[in-house]
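Participant: Below: sequence and its predicted model.
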Amino acid sequence: MHPVYSSLPSPSTTPVLAVEHLSKSYPGVRAVDDVSFAVHPGEVHGLVGENGAGKTTLIKLLAGAVGKDQGQIYFQGRPVAIHSVQDAARLGLAFIHQELNLVPYLNAAENIFLGHPYPRTWFGKIRWQELRRRAQQVLADLGASIPVDVPVRRLSPGQQTMVAIARAFATQATVMVMDEPTATLTDREIERLFAGIQRLLARGVSVIYVSHRLEEIFQIAHRVTVMRNGQVVATQPIQALDQARLIRLMTGRPLEIAFPPSQAQPGEPVLQAVDLQGDRVQGVSFALRRGEVLGVAGLVGAGRSELLRMIFGASPVQAGTLSIRREDGALAPVRPRSPQEAFRLGIALVPEERRSQGLILSRPIFENITLTHLARFARGGFLLHRRRELAEARRLGQALGLKATSLEQRVYQLSGGNQQKVVFARCLAGEARILLLDEPTRGIDVGAKQELYQIIRQLTAQGVAILLVSSELTELLGLADRLLVLHQGRQMALVDAAQVDQEAVLRLCYGVTGDPDRVIG
């Protein structure tokens with residue numbers, strides 16, 4: 001794949017931003033270890049590495065969110081001290097973080113210009129209409145159509161990401177740092193973001209771009225810095241790399257991006273939906289079989305997550321029938337009215353956004369794993385049996401290959417891939433028969449993805465039925481036995497995954513029915 005920005009800007013004798021021998025340690029781990037690299041004016045500089053490689057900590061050091069232990073940061077050739085977010089902003093550094101840091105009860109316009117002077121009248125009154133107009137202009141420059149007067153908590157994850165991106169674009173930044181900006185975006189939104197980056201480059205702005213989607217790195221980066229175990233292992237022009245070599249630099253070993261073959265033979269249906277309807281779902285019907293991966297494809301807003309939430313009892317089922325196979329073998333109608341009821345029926349959910357929806361980041365690993373199953377560990381109905389909690393968490397952690405200093409480590413200290421394993425462990429602690437996976441590999445590196453793919457195959461081999469939502473079509477086609485395709489809440493098709501390609505699925509996602517024989521309902 002050829003980069004969008006094919007020619008590397010002539011390296012200036014003075015990098016716009018450079019770090020030398022930067023280090024940062026936390027108890028038991030050296031997160032950034034003697035790191036040096038430089039970014040030139042008008043350059044897209046890719047920053048890649050496995051989860052836990054030190055990328056996010058490095059970004060936090062540049063943002064002034066954490067303090068360095070040693071080393072020096074240079075801006076336009078002079079040494080600078082960045083002790084706070086305000087220091088970074090004054091230098092002209094803008095950030096799009098993985099954690100969007102939006103204020104949920106403020107609207108999009110207020111969030112975009114948060115921290116900047118709002119337009120005011122001579123008497124000091126905020127000119128709200130002008131603020132909304134400016135916000136709409138910034139979003140329009142990104143090709144995004146988002147209501148600017150709606151609280152951001154009511155926006156979709158993709159829309160919230162676009163608001164965070166717009167906030168960064170609204171600044172007069174010299175260097176913009178983007179940490180996984182496309183994790184929740186559609187292909188069209190990604191194209192608009194890349195067009196926005198091109199406009200930044202034309203203004204001489206430099207971009208540090210962090211992504212686990214290696215195809216994006218090859219598409220937009222001029223140079224790439226690879227981190228592993230807190231250290232820089234290479235900085236090279238993108239033309240000198242291919243995907244296999246980049247992965248080898250990241251992991252320290254050869255690793256093919258491949259999907260393990262299924263070892264399961266799908267059996268009888270364990271979950272059946274007939275004409276299911278909800279807020280964003282209109283007449284969806286399917287049967288999920290024992291040991292099967294049923295993929296759910298569709299654009300953001302198509303109703304994929306809503307479908308999973310309805311089955312999990314987190315969103316109401318307005319009409320239709322949902323049935324689960326009982327121990328006696330008969331399918332019986334059910335309508336979970338809460339996640340607790342769903343758990344009792346053997347249904348578990350790995351949510352779309354693990355940090356805000358699936359974890360209590362400030363609590364230990366073992367508490368997050370046992371959280372929804374505390375009755376199993378109660379003594380006398382009141383006190384928790386801590387030793388049994390730890391034993392169960394240890395068993396599941398070992399089964400999933402969880403990497404942590406101890407089970408009492410706080411979850412926020414884990415890499416994205418290991419945080420996701422904690423969510424998986426909590427689901428498996430309830431011995432779920434039906435597992436609902438909503439974007440399970442979002443924001444995790446290629447090595448962690450391979451581990452999760454193996455876990456999914458192991459679960460189906462044990463007879464677990466999986467309903468899988470993913471925005472990555474290669475992932476759906478590589479893991480799913482069949483595909484359920486949704487468009488604007490409606491069912492477009494239910495097809496054998498081996499009989500379709502990415503183009504055919506994408507056409508259905510956009511509502512184009514090229515083959516009417518494959519369309520259901």
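Facilitator: Cool, got the structure.
Participant: nearest residue to the most centrally placed residue in the chain other than its sequence neighbours?
Facilitator: Geometric centre of the chain, nearest residue: Arg442, 3.4 Å, by Cα atoms, centre = their mean. Leaving out its chain neighbours, the residue that sits closest to Arg442 by Cβ to Cβ, 6 or more residues apart in numbering is Ala183, at 5.3 Å. No exception for glycine: its C-beta is placed from N, CA and C like everyone else's.
Participant: Settle this for me: that neighbour is touching Gln98, isn't it.
Facilitator: Yes - judged on Cβ atoms under 8 Å, Ala183 makes contact with Gln98 at a distance of 7.4 Å.
Participant: Give me the common contacts of these two.
Facilitator: By Cβ atoms under 8 Å, 6 or more residues apart in numbering, Ala183 and Gln98 have these common neighbours: Gly443.
Participant: Now do the contacts for the residue nearest to the centre of the chain.
Facilitator: Neighbouring residues of Arg442 by Cβ under 8 Å, 6+ apart: 183-184, 352, 471.
Participant: ok, back up a step: tally of neighbours for the residue nearest to Arg442?
Facilitator: By the criterion of other Cβ atoms under 10 Å, Ala183 has 20 neighbours.
Participant: name the element it belongs to?
Facilitator: Using DSSP states H and E, Ala183 falls within no helix or strand.
Participant: quick revisit: closest to Gly295 among the contacts of Arg442?
Facilitator: Nearest to Gly295 among the contacts of Arg442, counting by Cβ to Cβ, is Ser471 at 11.3 Å.
Participant: what secondary structure does that closest one sit in?
Facilitator: Secondary structure state of Ser471, per DSSP: H, G, I helix; E, B strand; the rest coil, is coil.
Participant: Okay, it and Leu155: tell me how far apart.
Facilitator: Distance of Ser471 to Leu155, given as Cβ to Cβ, to the nearest Å: 17 Å.
Participant: more crowded one of these two?
Facilitator: Ser471 (23 against 20).
Participant: what's the closest non-adjacent residue to the more buried one?
Facilitator: Using Cβ to Cβ, 6+ apart and skipping residues adjacent in sequence, the residue nearest Ser471 is Glu439, 6.5 Å away.
Participant: The one you found and Val350, how far apart?
Facilitator: To Val350, Glu439 is 9 Å away according to Cβ to Cβ.
Participant: now do Lys449
Facilitator: 14 Å.
Participant: between the two, who's got more neighbours?
Facilitator: Between Lys449 and Val350, counting by other Cβ under 10 Å, Val350 is the more crowded of the two (23 against 20).
Participant: In contact with that one: list those residues for me.
Facilitator: If a contact means Cβ under 8 Å, 6+ apart, then Val350 has 358, 420, 423-424, 427, 435-438, 440 as its contacts.
Participant: if you set the cut-off to 6 Å instead, what comes out?
Facilitator: 423, 437, 440 (Cβ atoms under 6 Å, 6 or more residues apart in numbering).
Participant: And the pLDDT for the residue lying closest to Thr184 once chain neighbours are set aside?
Facilitator: Leaving aside its sequence neighbours, Thr184 sits nearest to Pro157 (Cβ to Cβ, 6+ apart; 4.1 Å). Pro157 is assigned 77 on the pLDDT scale.
Participant: With Ile520 instead?
Facilitator: On pLDDT, Ile520 comes in at 38.
Participant: same check, this time on Asp141
Facilitator: Looking at Asp141, its pLDDT is 80.
Participant: Now do the phi/psi pair for it.
Facilitator: With angles defined as degrees, to the nearest 10, Asp141 sits at phi -60, psi -30.
Participant: Please determine how far it is located from Arg199.
Facilitator: With Cβ to Cβ as the criterion, Asp141 and Arg199 are 8 Å apart.
Participant: Residues contacting the helix or strand hosting Leu201, please?
Facilitator: Here Leu201, judged by DSSP H and E, is contained in helix 187-202. Under the criterion Cβ under 6 Å, 6+ apart, residues 42, 142-143, 182, 207, 220 lie in contact with helix 187-202.
Participant: hmm, which of these are the buried ones?
Facilitator: 42, 142, 182, 207, 220 (16 or more other Cβ atoms under 10 Å).
Participant: The fourth one is in contact with Val44, isn't it?
Facilitator: Yes - using Cβ atoms under 6 Å, Val207 is in contact with Val44, at 4.7 Å.
Participant: tell me the contacts of the residue lying closest to Val80 once chain neighbours are set aside?
Facilitator: Counting by Cβ to Cβ, 6+ apart, the nearest residue to Val80 once its immediate chain neighbours are dropped is Ile73, at 5.6 Å. Ile73 makes contacts with 19, 80, 82, as judged by Cβ under 6 Å, 6+ apart.
Participant: Repeat the analysis, applying 8 Å as the threshold.
Facilitator: Residues in contact with Ile73, defined by Cβ under 8 Å, 6+ apart, are 17-19, 22, 61-62, 79-82.
Participant: Narrow these to just the buried residues.
Facilitator: 17-19, 22, 61-62, 82.
Participant: Looking at these, which are in helices?
Facilitator: 61-62 (DSSP state H).
Participant: any idea which of the buried ones among the contacts of Ile73 is closest to Val495?
Facilitator: Of the buried ones among the contacts of Ile73, the one sitting nearest to Val495 (Cβ to Cβ) turns out to be Leu62, at 46.2 Å.
Participant: Please tell me how far the closest one sits from Asp87.
Facilitator: Distance of Leu62 to Asp87, given as Cβ to Cβ: 10 Å.
Participant: All the strands of the stretch 251-400 of the chain, residue numbers only.
Facilitator: For the stretch 251-400 of the chain, applying DSSP state E, counting those that start in this stretch gives strands covering 269-277, 282-289, 293-297, 319-325, 331-334, 347-350, 378-379, 383-384.
Participant: Buried residues, the helix holding Leu201. List them.
Facilitator: Here helix 187-202 shows 189-190, 192-194, 196-197, 200-201 as buried, counting by 16+ other Cβ under 10 Å.
Participant: repeat for stretch 244-253
Facilitator: In stretch 244-253, counting by 16+ other Cβ under 10 Å, buried: 246-247, 249-251.
Participant: swap in stretch 111-126?
Facilitator: For stretch 111-126, the neighbour count (16+ other Cβ under 10 Å) marks 111-113 as buried.
Participant: again with stretch 270-284
Facilitator: In stretch 270-284, counting by 16+ other Cβ under 10 Å, buried: 270-273, 276-278, 280-282, 284.
Participant: Equivalent analysis for stretch 482-490, please.
Facilitator: 482-487, 489-490.
Participant: Distance of the residue nearest to the centre of the chain relative to Phe37?
Facilitator: Separation of Arg442 from Phe37 (Cβ to Cβ): 26 Å.
Participant: Format the contacts of Ile73 as JSON lines; extra columns: distance to Lys403.
Facilitator: What follows is these, written out as JSON lines (distance: Cβ to Cβ, whole Å):
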{"residue": "Leu17", "distance to Lys403": "32"}
{"residue": "Ala18", "distance to Lys403": "32"}
{"residue": "Val19", "distance to Lys403": "27"}
{"residue": "Leu22", "distance to Lys403": "24"}
{"residue": "Leu61", "distance to Lys403": "23"}
{"residue": "Leu62", "distance to Lys403": "26"}
{"residue": "Pro79", "distance to Lys403": "36"}
{"residue": "Val80", "distance to Lys403": "35"}
{"residue": "Ala81", "distance to Lys403": "34"}
{"residue": "Ile82", "distance to Lys403": "30"}
